[in-house]
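Peer 1: output the structure for:
(one chain, ligands or ions: 1)
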Amino acid sequence: MTHCLVTGGAGFIGSHLTERLLAAGHAVTVLDDLSTGRALNLAGVQDNPRLHIRTGSITDPVLIAELVHQADAIYHLAAAVGVKLVADDPVRTIETNIYPTEALLRLAAQGGKRFFLASTSEVYGKNPLERWTEEDDLHLGATSRPRWAYGCSKAIDEFLALAYHRKYQLEVVVGRFFNVVGPRQVGHYGMVIPRFVDQALAGGPVVVYDDGEQVRCFAHVREVVEMIMRLMAAPAAVGRVFNIGSDQPVSIRQLAEEIIARTDPRVVLKFLPYGEAYGADFEDVRRRVPDLARLEQTLGVKPRMPLGEILDDIIRYKRQTAAN
Ligand code: UDP
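Peer 2: Next up, the predicted model:
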């Protein structure tokens with residue numbers, strides 16, 4: 001049995017990871033300030049005697065020192081996330097995403113703990129390449145545009161993590177998530193699929209930003225969590241960065257149409273300029289598709305769930321929670 005610390009463990013991805021670690025027989029301490037995470041996300045495992053939930057902040061130095069000391073492995077998922085939240089509050093983004101990560105890395109290095117750092121495809125910025133490999137350049141936009149604060153803050157986290165690996169042999173794995181979706185994800189922070197499903201189930205319209213020709217790849221959280229588990233168990237993953245997600249592209253317009261077809265075909269689409277959705281200084285990423293060769297070579301697997309199956313799972317969940 002490994003003792004795992006999951007920061008952000010009451011969040012969308014964190015709660016799925018916590019469940020999976022418990023199912024594998026590990027003890028898990030969740031540290032979450034419940035800002036974007038919800039206690040309800042852990043309702044299914046709250047009575048498990050191997051789960052300990054601490055409501056507190058990763059910015060609390062005494063608390064994190066205590067929790068890292070008790071743990072064998074740290075999964076650092078707590079962050080200010082979501083394009084909307086980040087664009088609205090760049091100060092919080094930078095403060096939550098950078099200093100606590102450094103403190104956690106230092107504590108983990110001192111104690112010789114394994115470390116998973118959750119990063120994001122946002123670090124690639126608006127790289128114009130068709131598919132992004134982990135060694136590609138980062139194309140962040142101007143500092144006058146708050147969106148890039150998020151990718152930039154996580155890029156600094158990655159630099160720190162790799163530096164701690166080189167300098168102190170910290171056993172760290174960095175995962176860059178690409179549009180992870182699934183049950184429990186909420187739409188308040190801008191995430192497109194829960195928003196579209198909510199809008200479609202409410203009778204529409206489904207609101208597509210810009211022309212809807214922007215491209216993304218959506219991966220089911222269950223498969224993403226499986227990749228995290230396997231990477232943390234793979235000696236070849238240590239000290240490296242991995243794209244984690246699906247490599248099957250879809251345009252946002254197609255996505256909206258798929259959701260409408262699966263919920264209520266009478267629902268109509270509406271197009272909204274970015275400026276009205278996020279404010280005048282917003283800039284979107286037109287295309288975001290990962291190259292998963294490194295992940296597949298290291299693990300022998302990659303996320304494969306088709307979009308239709310992912311959407312059906314989310315729609316089923318949304319219908320269930322709306323009925324309760
Ligand atoms: N989007 C949209 N309608 C919404 C929310 C998002 O058309 O209500 C678009 C958004 O402009 C982006 C894509 O959907 O091009 C994915 O947005 P999300 O915030 O989920 O993730 P991102 O890939 O931007 O981090």
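Peer 1: going by proximity to the ligand, name the top residue of the stretch 51-200 of the chain.
Peer 2: Distances between the stretch 51-200 of the chain and the ligand by CB to the nearest ligand atom are smallest at V192, namely 3.5 Å. Placement of C-beta: from N, CA and C, glycine included.
Peer 1: tell me the contacts of that residue?
Peer 2: R216, I252, L255 (CB atoms under 8 Å, 6 or more residues apart in numbering).
Peer 1: pLDDT and secondary structure added to these, as a markdown table?
Peer 2: Converted to a markdown table, the contacts of V192 look like this (pLDDT from 0 to 100; DSSP: H, G, I helix; E, B strand; the rest coil):
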| residue | pLDDT | secondary structure |
| --- | --- | --- |
| R216 | 98 | strand |
| I252 | 98 | helix |
| L255 | 98 | helix |
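Peer 1: go back to the residues you listed and keep what's next to the ligand.
Peer 2: R216, I252 (CB under 6 Å from any ligand atom).
Peer 1: which of the contacts of V192 lies closest to R20?
Peer 2: Within the contacts of V192, the smallest distance to R20 is 24.3 Å, found for R216 (CB to CB).
Peer 1: what bridges to the closest one?
Peer 2: Here R216 sits in beta bridges with V250, as judged by DSSP bridges.
Peer 1: report the separation between it and D247.
Peer 2: Distance of R216 to D247, given as CB to CB, to the nearest Å: 11 Å.
Peer 1: for the residue nearest to P128 when sequence neighbours are not counted, give me phi and psi.
Peer 2: Leaving out its chain neighbours, the residue that sits closest to P128 by CB to CB, 6 or more residues apart in numbering is H139, at 7.3 Å. Note on H139: backbone dihedrals following degrees, to the nearest 10 are phi -110, psi 70.
Peer 1: in the protein, which residue is closest to the centre?
Peer 2: F177 (5.4 Å; CA atoms, centre = their mean).
Peer 1: what about the strands in the stretch 1-150 of the chain?
Peer 2: 3-7, 27-32, 51-55, 73-76, 114-120 (DSSP state E, counting those that start in this stretch).
Peer 1: ok, the fourth one: who's next to it in the sheet?
Peer 2: Based on DSSP bridges, the pairing partners of strand 73-76 within the sheet are strand 3-7 (parallel), strand 114-120 (parallel).
Peer 1: give me the contacts around it.
Peer 2: Contact with strand 73-76 is made by 2-9, 14, 17, 21, 68, 101, 104, 108, 113-118, 228, 232, as judged by CB under 8 Å, 6+ apart.
Peer 1: and for stretch 228-235?
Peer 2: Counting by CB under 8 Å, 6+ apart, 17, 20-21, 24, 73, 75, 114, 116, 173, 175, 237, 242, 244, 298-299, 301 sit against stretch 228-235.
Peer 1: again, 10 Å this time
Peer 2: 2, 4, 13, 16-17, 20-21, 23-24, 26, 73, 75, 77, 114-116, 118, 171, 173-175, 177, 237-238, 240, 242, 244, 295, 298-301 (CB atoms under 10 Å, 6 or more residues apart in numbering).
Peer 1: ends of stretch 213-231, what's the gap?
Peer 2: 33 Å (CA to CA, to the nearest Å).
Peer 1: for it, which positions count as buried?
Peer 2: Judged by neighbour count (16 or more other CB atoms under 10 Å), stretch 213-231 contains these buried residues: 214-229, 231.
Peer 1: surely T298 and N243 touch.
Peer 2: No. Counting by CB atoms under 10 Å, N243 is not a contact partner of T298; they are 11.1 Å apart.
Peer 1: which one of these two has more residues nearby?
Peer 2: Shown here are T298 and N243; by other CB atoms under 10 Å, N243 has more neighbours (27 against 19).
Peer 1: so what's the more buried one bridging to?
Peer 2: R176.
Peer 1: and the pLDDT at it?
Peer 2: Here the pLDDT value assigned to N243 is 98.
Peer 1: tell me the contacts of it?
Peer 2: Taking CB under 10 Å, 6+ apart, one finds 119, 121, 124, 131-134, 136, 175-178, 217, 227, 289-295, 302 in contact with N243.
Peer 1: the ligand contacts on the stretch 151-300 of the chain?
Peer 2: 179, 190-192, 195, 207-209, 214, 216, 252, 284, 288.
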